[in-house]
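>>> Would you be able to build a 3D model of this:
(one chain, ligands or ions: 1)
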Amino acid sequence: MEVLYAQLKVQMEGTAYERNGLEETVSLYKTRISELEQTRLQLSTCNQRLSNDLNDANTKVSKSTAALEDATRSHTFEVDELRRKHRNEAEDTKDQHRRETERLRREAQEEVDRLRKEAQAEAARLTRARQEDLAEQERQLKAEIEEERSRRVREVQDLTTQWAVHRQTTNVDLEKKDREAQDIKSELQRTSSDLERANALIKTLQDKLAEMSANTLALETSMRAMKSKIDFLESDNQAQSQAFADLNQRLQDAQNSEAVAYEKLRTEETLRRKLHNQVQELKGNIRVFCRVRPTGEAEPDEPAKITFPDTETDSKEVAVQGPEQKSALGNITTSTNAFSFDRVFGPTSQNAEVFEEISQLVQSALDGYNVCIFCYGQTGSGKTFTMSAADGMIPRAVHQIYATAKSLQDKGWTYAMEGSFVEVYNENLNDLLGSADELDRKKHEIRHDAARCKTSITDITTVPLDAPEKVEQMLERAATNRSVAATKANSRSSRSHSVFILKLTGENSITGERSEGTLNLVDLAGSERLSHSGATGDRLKETQNINRSLSCLGDVIGALGQGKEGGHVPYRNSKASPHHQMLTLTSVKTRDAG
Ligand SMILES: Nc1ncnc2c1ncn2[C@@H]1O[C@H](COP(=O)(O)OP(=O)(O)OP(=O)(O)O)[C@@H](O)[C@H]1O
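Residues are numbered from 1 along each chain as shown. Down below sits the predicted model:
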């Protein structure tokens, strides 16, 4: 309780203390409020005073505004007055200035006129002085020119005199030269007339000499005749008659044996023909020769290794060495492939040697058989060189035919020959002797008359070969046409087959025999393996056509080579394109005729 009492006492004391504090605060606030009240009163008084001041000021401002407006009005009035006054003054001044300017201008004009007059007077004076100077200078110049002119005239006169002297001398020289030329000319004329006379004399002498030689010969002959006449007259009369009879008999015998000999010759010619062709048949109707051309220095590829094992004996074999091969054990071997032909011509062989082999076949054509000679090989292997060179098979064959035909004239044979030259390019037949413009445009057809065993081509140029030189003209013409066409499709001759056709018709006026033979010389297009050629597009088509036709031709020759009577020959195995017919028909006629 005591504790509680103590706590309460403490609380009471605390509260009393707080009350004292609060009482102090209240008295403080009261003081403050009275202060603020005083301040408010002061401020109200002040406010009242300020309101009064403001009113006074407003009154003053109104008064001032009125005064200002009055002042402004009076000022405006004054300003207008001044402006008017100023304007009048300006007008006066302007008039005065104008008058002054006018006066000054007049004065200036007068001054200018005066100066101008002075200047004109001065200029006139100067001009006069200048003219006098110029006149003086002109006088001086004229005098100088006159002096120069007279000096030049003197020089010209001197030169004219010199030139006249020189001309005179030259004329004298020229006249001298003319005289000399005239002399030389007359000398020349004399010499040439001498020469002509000498020539005429020589000619007369030569004629006389010839005449005298002829006279001498005639005289010698008549002398011999006279001598034998004298001898004859000197001999016995009966013996003479007997001698005459003997001579007559001998003449008769000789004529009879000549007739027999001619008859024998004719039969022997017929026999020779028969035997010749039998020999050809025995040798084989189809013969294959191989020609190896020499390698040039500029050949890009290494040449094949080719040997000729039997050159010394019958030259029928050729051996080509294959590439080196390595076995599993590492041994290197090379295989050699040997080929046999009817005849092999080595790289040094000439066209003349090759022709020797085929000349007998050419003779068969003249005897009325159909002969076909093909040249087959890779591009650049020498087909055209062998066939169409100046000494190739075509010119040689034609020349041989001429020579033989001429020698057969004695035996009653006369021959008519005509030639054509055609080309097979890309399945088309072209006339190489026609117009170049018509190549690949004009259509030609092959017609085969089975009954007459005759083959012909429509619309081709046929040239009568009445002189051996004509064949060269034909070859030239064909080469030109081909070279023109080559601009349209390159290397034309390599990409086409060409066929030279020579028709030979013979007639024997004594025996009445008749023969018709054809010689076909064919230069085939270069054979190329498609994989090697790398050809595409038109070129690929070209190569395929060539290869197809070559393969077809191979089949035909293969079938003919088997020689079975009545056996099938695949002449038309290809698309029956003209060139297949062409090449194969010429072959079959060979076989039939043989
Ligand atoms: N036996 C040879 N002696 C000398 N040169 C030859 C011989 N054979 C060919 N030549 C030369 O080789 C080149 C090619 O020959 P050629 O034009 O005759 O070949 P090709 O087989 O007709 O070719 P293509 O198929 O392109 O027509 C020519 O320059 C030719 O003169």
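>>> Burial check on the residue in the stretch 201-350 of the chain that the ligand sits nearest to, number of neighbours?
Here the residue of the stretch 201-350 of the chain nearest the ligand is residue 293; by C-beta to the nearest ligand atom that distance is 3.6 Å. C-betas here are computed from N, CA, C, even on glycine. A count of nearby residues for residue 293, using other C-beta atoms under 10 Å, gives 16.
>>> Assign it to helix, strand or coil.
coil (DSSP: H, G, I helix; E, B strand; the rest coil).
>>> If you drop the residues flanking it in sequence, what lies closest to it?
Leaving aside its sequence neighbours, residue 293 sits nearest to residue 382 (C-beta to C-beta, 6 or more residues apart in numbering; 4.0 Å).
>>> Need phi/psi at that neighbour.
Recorded main-chain torsions at residue 382 are phi 110, psi 20, according to degrees, to the nearest 10.
>>> and what of the one 10 residues further on?
Phi and psi for residue 392, reported as degrees, to the nearest 10, are phi -80, psi -170.
>>> who's in contact with it?
By C-beta atoms under 8 Å, 6 or more residues apart in numbering, the contact list for residue 392 reads 351, 385, 386.
>>> rerun at 6 Å
By C-beta atoms under 6 Å, 6 or more residues apart in numbering, the contact list for residue 392 reads 351, 386.
>>> Repeat that for residue 351.
With contacts defined as C-beta under 6 Å, 6+ apart, the neighbours of residue 351 are 391, 392.
>>> switch to 7 Å and redo it
By C-beta atoms under 7 Å, 6 or more residues apart in numbering, residue 351 lies in contact with 386, 389, 391, 392.
>>> Which pair of the residues you listed spans the longest distance?
386 and 391 (10.1 Å; C-beta to C-beta).
>>> okay, those two: which has more neighbours?
residue 386 (24 against 12).
>>> Quick check: that one is in a helix.
Yes. Counting by three-state DSSP, residue 386 falls inside a helix.
>>> Just confirm it contacts residue 291, I think it does.
Yes. Here residue 386 reaches residue 291: they are 6.3 Å apart, a contact under C-beta atoms under 7 Å.
>>> Which neighbours do these two have in common?
Common contact partners of residue 386 and residue 291 (C-beta under 7 Å, 6+ apart): residue 354.
>>> I'd like to know how many residues surround the spatially closest residue to residue 304 that is not a sequence neighbour.
Excluding the flanking residues, the one nearest residue 304 by C-beta to C-beta, 6+ apart is residue 320, at 5.8 Å. A count of neighbours around residue 320, defined by other C-beta under 10 Å, yields 14.
>>> and if you look at residue 493?
The burial count for residue 493: 22, using other C-beta under 10 Å.
>>> Let me see the ranges of the strands in the chain.
Using DSSP state E, the strands of the chain run over 289-291, 306-307, 317-326, 332-340, 343-345, 370-375, 413-425, 428-431, 446-449, 454-457, 463-464, 497-508, 514-523.
>>> Close to the ligand: what parts of this protein are there?
293-294, 377, 379-385, 493-494, 526 (C-beta under 6 Å from any ligand atom).
>>> Between all of the residues you listed, which two are separated the most?
Going by C-beta to C-beta, the pair spanning these furthest: 294 and 493, at 20.4 Å.
>>> Who does residue 307 form a beta bridge with?
Judged by DSSP bridges, the bridge partners of residue 307 are residue 319.
>>> Next one: the residue nearest to residue 304 from residue 109, what distance?
Noted for residue 320: a distance of 129 Å to residue 109, by C-beta to C-beta, to the nearest Å.
>>> now the residues of the chain next to the ligand as JSON lines including pLDDT?
Converted to JSON lines, these look like this (pLDDT from 0 to 100):
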{"residue": "293", "pLDDT": "89"}
{"residue": "294", "pLDDT": "89"}
{"residue": "377", "pLDDT": "86"}
{"residue": "379", "pLDDT": "82"}
{"residue": "380", "pLDDT": "84"}
{"residue": "381", "pLDDT": "87"}
{"residue": "382", "pLDDT": "89"}
{"residue": "383", "pLDDT": "89"}
{"residue": "384", "pLDDT": "88"}
{"residue": "385", "pLDDT": "91"}
{"residue": "493", "pLDDT": "71"}
{"residue": "494", "pLDDT": "76"}
{"residue": "526", "pLDDT": "78"}
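>>> out of the residues you listed, who's nearest residue 144?
Closest to residue 144, out of all of the residues of the chain next to the ligand and judged by C-beta to C-beta, is residue 493, at 91.1 Å.
>>> Might you report the residue contacts of the closest one?
384, 482.
>>> how far away is it from residue 423?
Counting by C-beta to C-beta, the gap from residue 493 to residue 423 is 9 Å.
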